[in-house]
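Peer 1: model this:
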Amino acid sequence: MKEKRYRIGVLCILAVLVLLGGCSSGRKKPAATEAPNDSVTYEKGADFTGVVKNVDSTGTRIVFYNTLLDAEEEYSYSGGTEVYSKNNRDMSMGEVVPGEVYEVYLGQNGGRVTKMKEAGDILTQENRKVLVDPDEKRITVDDVNYAYNENLVALSDGRAIDPREITAGDEVTFRGVEGHAYSLVVTKGHGYIQPSNYKDFIGGVLTLHGEAILPVSQDMLLVVPEGTQQLTMDNGDLTGTATLEVRRNQVTKVNMAQYQNQVPDTARVTFEIEPQGAELYVNGSLTDYSKKVPLKYGNHSIRVVLEGYNEYSGIVTVKDSGPTVRINLAKETADVDTDTSSVKKSDSSSDNKTAAVLETDKDHTITVSAPEGAAVYVNGTYKGVAPCNFTKLLGSVTLTLTKKGCETKSYHIEISDDGLDVNWSFPDLLEGSSDSSGNSSSGGNNSVG
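Peer 2: Prediction:
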């Protein structure tokens, strides 16, 4: 009985297999795909967004600030490296400019750049003036603030610079993204004007293109925008104007004695009056005679008074450009001596211009401790040789450091009224050699006049 049931079961299984085989034989087998869909492509994404710091065409090397890793990295490239603008225009590596921002694609080994495309989402602002705050690590462009770090690419003439070297008058191309600065490239920088032989102008005012008004003081070194500049010194009846070509980071020297002019038919009279403290009236007006007095040629009424002394009144006839008038009230009758010879030149004030003066905090000082031996200038006025200190100034200043045989450097600094002393220390000045023409390849000098 069991054997009979077993046989029936085997027969059922065979019948099912036969039925299945017959059904499958009537179906078509699915055909294999002959070729993939040509409209679908797959492309590897960029490895990082990089700010170009330097391109070495000789060694075929390129240095980036890798914004993804926040680090400086160097890679090789080849003639086969693809370079594209943001509009997909084919470019050569020779068109790549430091400060620009690219999406960077690396080869399989990660050491070579195979493709670069100019980043399209980067904010670029050209010919802008910026304010750099090194304490807050902040850059302000058109009243908008951007953070930066030590990897910020800051360049002038292709050379890396400290962002603090960008002065208020410089113009830059700014690149970055919302809230973060990537690069600053100086498009219009600054140079220096060093006047000489201008003793007669001390106490007057100095203007550049009629705009920047500064008091004329001894040993001046002016930070000015590069390009053609017109420098004028005025002091009473004296004026002098020089047109100069200023080169970036170079010192232009100008001999102001060759540009000095005096108002026609006007003399500069020196009054020597004893005892000290006497008052001088010229043509009825109280006159400051501590400096040379401009007077037209001809006769002028003179009156000198001092309590306890006899008053002097008389007429002085001015006939040449530089007379000296001596008046002594110590005697009962004043002795008057007119000396038409040249005398020691002294200061004179400007009649119609007022020099701008910064606010000061007389209770606190600024100390410049380094670089040692460098001459220190603030807004063109000499302050001493580092290490040195001087009364604390408030507001926006340009501090300049210069040393024989070295580059001249300037820093734009904001000084707050915080009731504290200030101590500044700056990097050493780099050496720069001058050629026979008086120009230096690195912070050199040009002479005018």
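
Peer 1: drop to CA atoms for contacts and neighbour counts, all remaining ones
Peer 2: Noted.

Peer 1: in this structure, what spans have low per-residue confidence?
Peer 2: Applying pLDDT under 70 to the chain flags residues 1-43, 210, 263-264, 330-357, 433-449.

Peer 1: 50 instead, please
Peer 2: For the chain, applying pLDDT under 50 flags the ranges 16, 23-30, 32-33, 334, 340-352, 433-443.

Peer 1: tell me which residues in the top strand by length along it are buried?
Peer 2: Ranked by residue count and defined by DSSP state E, the top strand of the chain is strand 360-370. Neighbour-count burial for strand 360-370 flags Asp361, His364, Thr365, Ile366, Thr367, Val368, Ser369, Ala370 (criterion: 16 or more other Cα atoms under 10 Å).

Peer 1: quick one: contacts of that strand?
Peer 2: 376, 386-394, 417, 419-428 (Cα atoms under 8 Å, 6 or more residues apart in numbering).

Peer 1: now it, how far from the centre of its chain.
Peer 2: Relative to its parent chain, strand 360-370 has a centroid offset of 22 Å by Cα atoms, centre = their mean, to the nearest Å.

Peer 1: re the thing from before, can you list which of the contacts of strand 360-370 are found in strands?
Peer 2: Using DSSP E, the subset of the contacts of strand 360-370 located in strands is Val376, Cys388, Asn389, Phe390, Thr391, Lys392, Leu393, Val422, Asn423, Trp424, Ser425.

Peer 1: May I see the PyMOL selection of the buried members of the residues you listed?
Peer 2: Listed next is the PyMOL selection for buried residues among the ones in strands among the contacts of strand 360-370, using 16+ other Cα under 10 Å:
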select buried, resi 376+388+389+391+392+393+422
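
Peer 1: re earlier: what would the buried residues of strand 360-370 look like in TSV with distance to Thr324?
Peer 2: Below are these laid out as TSV (distance: Cα to Cα, whole Å):
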residue	distance to Thr324
Asp361	40
His364	43
Thr365	41
Ile366	42
Thr367	43
Val368	43
Ser369	46
Ala370	46
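
Peer 1: And those residues, which is closest to Phe64?
Peer 2: The closest of those to Phe64 turns out to be Ala370 (Cα to Cα; 31.5 Å).

Peer 1: how about the nearest residue to the closest one, chain neighbours excluded?
Peer 2: Nearest in space to Ala370, with sequence neighbours left out and distances taken as Cα to Cα, 6 or more residues apart in numbering, is Ser425 at 4.7 Å.

Peer 1: As CSV, the ones in strands among the contacts of strand 360-370 with distance to Lys137 would be great.
Peer 2: Shown next, in CSV, are these (distance: Cα to Cα, whole Å):
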residue, distance to Lys137
Val376, 25
Cys388, 27
Asn389, 26
Phe390, 27
Thr391, 27
Lys392, 23
Leu393, 22
Val422, 19
Asn423, 19
Trp424, 17
Ser425, 18
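
Peer 1: just to revisit the earlier point, tell me the two of the buried residues of strand 360-370 that are most distant?
Peer 2: Among those, Asp361 and Ala370 lie farthest apart (Cα to Cα), at 22.3 Å.

Peer 1: show me what contacts Asp428?
Peer 2: Residues in contact with Asp428 (Cα under 8 Å, 6+ apart) are Ala370, Pro371.

Peer 1: What distance do you get for it to Asp90?
Peer 2: 43 Å (Cα to Cα, to the nearest Å).

Peer 1: ditto for Ser321
Peer 2: 71 Å.

Peer 1: Name the residue in these two with the higher neighbour count.
Peer 2: More neighbours surround Ser321 than the other of Ser321 and Asp90, with 19 against 11 (other Cα atoms under 10 Å).

Peer 1: what's the closest non-adjacent residue to the more buried one?
Peer 2: Closest residue to Ser321 apart from its sequence neighbours, by Cα to Cα, 6+ apart: Ala267 at 4.1 Å.

Peer 1: which SSE is the one you found in?
Peer 2: Take DSSP states H and E as the rule and Ala267 turns out to sit in strand 266-274.

Peer 1: How about residues contacting that strand?
Peer 2: Here strand 266-274 has contacts from 237, 289-297, 318, 320-330, using Cα under 8 Å, 6+ apart.

Peer 1: what sits opposite Phe271 in the beta ladder?
Peer 2: On the basis of DSSP bridges, Phe271 is bridged to Val325.

Peer 1: how many neighbours does it have?
Peer 2: If you count neighbours by other Cα under 10 Å, Phe271 ends up with 19.

Peer 1: Next: Thr124.
Peer 2: Thr124: 13 neighbours (other Cα under 10 Å).

Peer 1: list the contacts for the nearest residue to it once chain neighbours are set aside?
Peer 2: Closest residue to Thr124 apart from its sequence neighbours, by Cα to Cα, 6+ apart: Arg175 at 4.6 Å. By Cα under 8 Å, 6+ apart, the contact set of Arg175 is Gly99, Glu100, Val101, Ile122, Leu123, Thr124, Gln125, Ala181, Tyr182, Ser183, Leu184.

Peer 1: So which of those are in helices?
Peer 2: Among those, no residue falls in helices (DSSP state H).

Peer 1: which of those are buried?
Peer 2: Neighbour counting with 16+ other Cα under 10 Å marks Gly99, Glu100, Val101, Ile122, Ala181, Tyr182, Ser183, Leu184 as buried within the contacts of Arg175.

Peer 1: Give the helix, strand or coil label for Lys383.
Peer 2: Secondary structure for Lys383, judged by DSSP: H, G, I helix; E, B strand; the rest coil, is strand.

Peer 1: isn't it right next to Thr391, touching?
Peer 2: No - Lys383 sits out of contact with Thr391 when judged by Cα atoms under 8 Å, with a separation of 9.7 Å.

Peer 1: residues shared between the contacts of these two?
Peer 2: With Cα under 8 Å, 6+ apart as the test, Lys383 and Thr391 reach no residue in common.
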